[in-house]
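Student: Give the three-dimensional model of this entry:
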Amino acid sequence: MLNLTWRVFCMTGSIDSYLLLKELEQDEEQNKEVQETASAAEEEPAR
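Tutor: Coordinates of the predicted model:
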């Protein structure tokens with residue numbers, strides 16, 4: 001999805017496409033952080 005959004009921006013120069021790209025990048029980064037946190041929580045031994 002990021003690649004498509006970038007290509008649309010490059011071809012059109014649309015600021016909206018660029019802003020969408022940045023928003024998608026932020027969402028992707030947040031999802032990675034959530035997954036890492038969830039994985040770390042699952043790996044902790046039960047007390």
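Student: so where is this protein shaky, pLDDT-wise?
Tutor: The model of the chain has pLDDT under 70 over residues 44-47.
Student: And the helices in it, which stretches?
Tutor: Applying DSSP state H to the chain gives helices spanning 2-12, 15-43.
Student: most packed of these?
Tutor: helix 2-12 (a mean of 13; mean count of other C-beta atoms under 10 Å). C-betas here are computed from N, CA, C, even on glycine.
Student: Determine how far that one lies from the middle of the whole chain.
Tutor: Offset of helix 2-12 from its chain centre (C-alpha atoms, centre = their mean, to the nearest Å): 16 Å.
Student: Show me the contact partners of that helix.
Tutor: Defining contact as C-beta atoms under 8 Å, 6 or more residues apart in numbering, one finds that helix 2-12 is touched by 14, 17-18, 20-21, 24-25, 28.
Student: May I have that helix exported as CSV, CA atoms only?
Tutor: Extracted as CSV, the C-alpha positions of helix 2-12 are listed here (Å, rounded to 0.1, in the frame of the first residue of the first chain):
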residue,chain,number,x,y,z
LEU,A,2,2.8,2.4,0.8
ASN,A,3,4.4,1.8,-2.6
LEU,A,4,1.2,2.5,-4.4
THR,A,5,0.6,5.7,-2.4
TRP,A,6,4.2,6.8,-3.1
ARG,A,7,3.8,6.2,-6.8
VAL,A,8,0.6,8.2,-6.9
PHE,A,9,2.4,11.0,-5.2
CYS,A,10,5.3,10.9,-7.6
MET,A,11,3.1,10.8,-10.6
THR,A,12,0.6,13.5,-9.5
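Student: Could you check the angle it makes with helix 15-43?
Tutor: Note on geometry: by axes from the mean of the first three to the mean of the last three C-alpha atoms, to 10 degrees, helix 2-12 and helix 15-43 are set 170 degrees apart in direction.
Student: Right, I'll leave it there.
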